[in-house]
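Student: For reference, the sequence and a predicted model appear below.
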Amino acid sequence: MKSSILKLLYKPITIYIIGSILAIGLSMQSYYAPKKDFGTGNSIYTSYNNYLIFKNSFQHLKEEQNLYVHYMNEQWDLYKYTPTFSLFMGIFYAFPDLIGLILWNLLNVLMLVWGLSKLPMSNSKMYLWIFGFVLIELITSTQNTQSNALIVGLILAAYSMMNEKKYIPAILLISFAVFIKPFAIFAFLLLLFFPAWYQHFAMIILINIGFLLAPLVLVSSEYLIEAYSSWIDLLLMDHGDKIGYSVMGWLKSWFGFEMNKMLLLVLGLISLLVPLVRMKYYRSKYFQLNYLALILIWMVIFNHMAESPTFVIAVTGVGIWFFMSQKSILDYILMGLVVVFTILIATDLFPKSIRESIMEPYAIKGIPCILVYGKILWDLMRYESVRLTKLTDPVSSDL
């Protein structure tokens, strides 16, 4: 009986079913939840406010309204994504909120499930373990109707398509992710691990120009230029607003050290690029997957505005790093820190007073991921001494 249950759990279709039930259930919960006031004293905003921000942006785009101003009668907070993403949300605009919300959350959850299922792991048990590890953060992101699960799913699927030599679909997926969250642009670095990577530059440029100009099917060129200008202005203003669960948040809250955000971003980018000097290991799946994990974690911890729902991206990176190979005692300790202080600390297992007095002021949620990022960097830079035990790596002779 136990063996039969495990065999059923290890089937990819089971994870798709679990993910679908999760997305539908959380959508229903958000739709029927009491309205919120977000501190305004006027409880008129829904629990699926982020979805409405995304959805309403399509109407604002279509009517050539300013995408980047407050529409307080429709939604709480600003729209902060590209005009291209507004165009994409037209897919959901025609549906009633409940149906559109379910479809949106299904897209996010199932894209993550699909991306995980395509990774070159040696068996389905690892896929299940990573999914289980990410589950709480996935729930958090879905409850907030955010796009983070979609982002990580797009990047994972793109990497897997590179392995299948499907480079144009991979470029399309990453480019779409970039037009949701610009930090996803660094996922293009994964192309370096595959033959003739330099041949894809022209295609990357053409596809991204296509995404950039896609809203012209609805709006004038004058409006689109102004929209992108307003978006860039918003990003520049946002850059100075607040500090989240990030490297910047850790430095400021623990040491009182407030580094220039652009300088820290440049230093973070240098740290991301350093492992790429080890070119002789580019064909190793172990090296590639560790670097993929590094990118996913980097996207969160070097985003000075990182919030709790974004950590589904970083935690997926941690899961890929941890579950694909045999680990040292230090790795288990780091994993324990991630489980307790990144994943569980934001749940009701910890009293609200602890979350408000410790987690938020001291950027606790991000610190374990910062430590794991450092450990992955260390592993990549001493790669020749690392031995893989659980990952099929047919193209690498050094293992």
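Tutor: On my side now, so go ahead. Numbering: from 1, shown residues only.
Student: Please make it C-alpha for all contacts and neighbour counts, starting now.
Tutor: OK.
Student: how about the helices in the stretch 1-150 of the chain?
Tutor: 2-9, 12-32, 49-62, 83-88, 90-93, 97-117, 124-143, 148-163 (DSSP state H, counting those that start in this stretch).
Student: Walk me through the domains of the chain.
Tutor: Segmentation of the chain into domains, based on automatic domain parsing, reads 1-234, 239-399.
Student: Can you add distance to L294 and mean neighbour count and give the helices of the stretch 1-150 of the chain back as CSV?
Tutor: Output for those, formatted as CSV (distance: least, Cα to Cα, whole Å; neighbours: other Cα atoms under 10 Å):
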stretch, distance to L294, mean neighbour count
helix 2-9, 28, 11
helix 12-32, 25, 18
helix 49-62, 28, 22
helix 83-88, 26, 23
helix 90-93, 33, 18
helix 97-117, 16, 22
helix 124-143, 16, 21
helix 148-163, 12, 25
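Student: Make CSV out of these and add distance to A346.
Tutor: Output for the helices of the stretch 1-150 of the chain, formatted as CSV (distance: least, Cα to Cα, whole Å):
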stretch, distance to A346
helix 2-9, 27
helix 12-32, 18
helix 49-62, 19
helix 83-88, 29
helix 90-93, 30
helix 97-117, 20
helix 124-143, 9
helix 148-163, 17
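Student: any low-confidence regions in the stretch 51-200 of the chain?
Tutor: For the stretch 51-200 of the chain, residues meeting the criterion pLDDT under 70 lie at 122-124.
Student: mind checking how far stretch 221-240 is from the chain centre?
Tutor: Stretch 221-240 sits 22 Å away from the centroid of its parent chain (Cα atoms, centre = their mean, to the nearest Å).
Student: Go through it and flag the buried ones.
Tutor: The neighbour-count criterion (16 or more other Cα atoms under 10 Å) identifies Y223, L224, A227, Y228, S230, W231, L234 as the buried residues of stretch 221-240.
Student: Just the C-alpha atoms of that stretch, please, in CSV.
Tutor: C-alpha atoms of stretch 221-240 as CSV (Å, rounded to 0.1, in the frame of the first residue of the first chain):
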residue,chain,number,x,y,z
SER,A,221,3.8,54.9,-31.0
GLU,A,222,3.7,58.3,-29.2
TYR,A,223,1.8,56.8,-26.3
LEU,A,224,4.1,53.8,-26.1
ILE,A,225,7.2,56.0,-26.0
GLU,A,226,5.6,58.0,-23.2
ALA,A,227,4.6,54.8,-21.4
TYR,A,228,8.1,53.4,-21.3
SER,A,229,9.5,56.7,-20.2
SER,A,230,7.0,56.8,-17.3
TRP,A,231,7.9,53.2,-16.4
ILE,A,232,11.6,54.0,-16.3
ASP,A,233,10.9,57.0,-14.1
LEU,A,234,8.8,54.9,-11.8
LEU,A,235,11.7,52.3,-11.5
LEU,A,236,14.2,55.1,-10.7
MET,A,237,11.9,56.5,-8.0
ASP,A,238,11.2,53.1,-6.6
HIS,A,239,15.0,52.5,-6.3
GLY,A,240,15.1,54.9,-3.4
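Student: Secondary structure element holding the spatially most central residue of the chain?
Tutor: The centre of the chain sits closest to I313, judged by Cα atoms, centre = their mean, with a distance of 3.4 Å. Using DSSP states H and E, I313 falls within helix 311-323.
Student: Pull the CA coordinates from that helix and hand them back as CSV.
Tutor: Taking Å, rounded to 0.1, in the frame of the first residue of the first chain, the C-alpha atoms of helix 311-323 are listed here in CSV:
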residue,chain,number,x,y,z
PHE,A,311,11.1,34.3,-2.3
VAL,A,312,9.5,31.4,-4.2
ILE,A,313,12.2,32.3,-6.8
ALA,A,314,15.1,32.2,-4.4
VAL,A,315,13.8,29.1,-2.5
THR,A,316,13.5,27.2,-5.8
GLY,A,317,17.1,28.0,-6.4
VAL,A,318,18.0,26.7,-2.9
GLY,A,319,16.0,23.5,-3.6
ILE,A,320,17.8,22.9,-6.9
TRP,A,321,21.2,23.4,-5.2
PHE,A,322,20.4,21.1,-2.3
PHE,A,323,18.5,18.2,-3.7
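Student: just checking, what packs against that helix?
Tutor: With contacts taken as 3 or more Cα pairs under 8 Å, 6 or more residues apart in numbering; DSSP states H and E, helix 311-323 sits against helix 124-143, helix 148-163, helix 285-301, helix 329-337, helix 367-381.
Student: any idea of the mean pLDDT for the fourth one?
Tutor: What that stands for is helix 329-337. Computed over helix 329-337, the mean pLDDT rounds to 96.
Student: Measure how far the next helix-or-strand element following it is from the centre of its chain, please.
Tutor: Next in sequence after helix 329-337, counting helices and strands by DSSP H and E, comes helix 352-354. Distance of helix 352-354 from the chain centroid (Cα atoms, centre = their mean) equals 27 Å.
Student: With stretch 286-296 instead?
Tutor: Per Cα atoms, centre = their mean, the centroid offset for stretch 286-296 relative to its chain is 14 Å.
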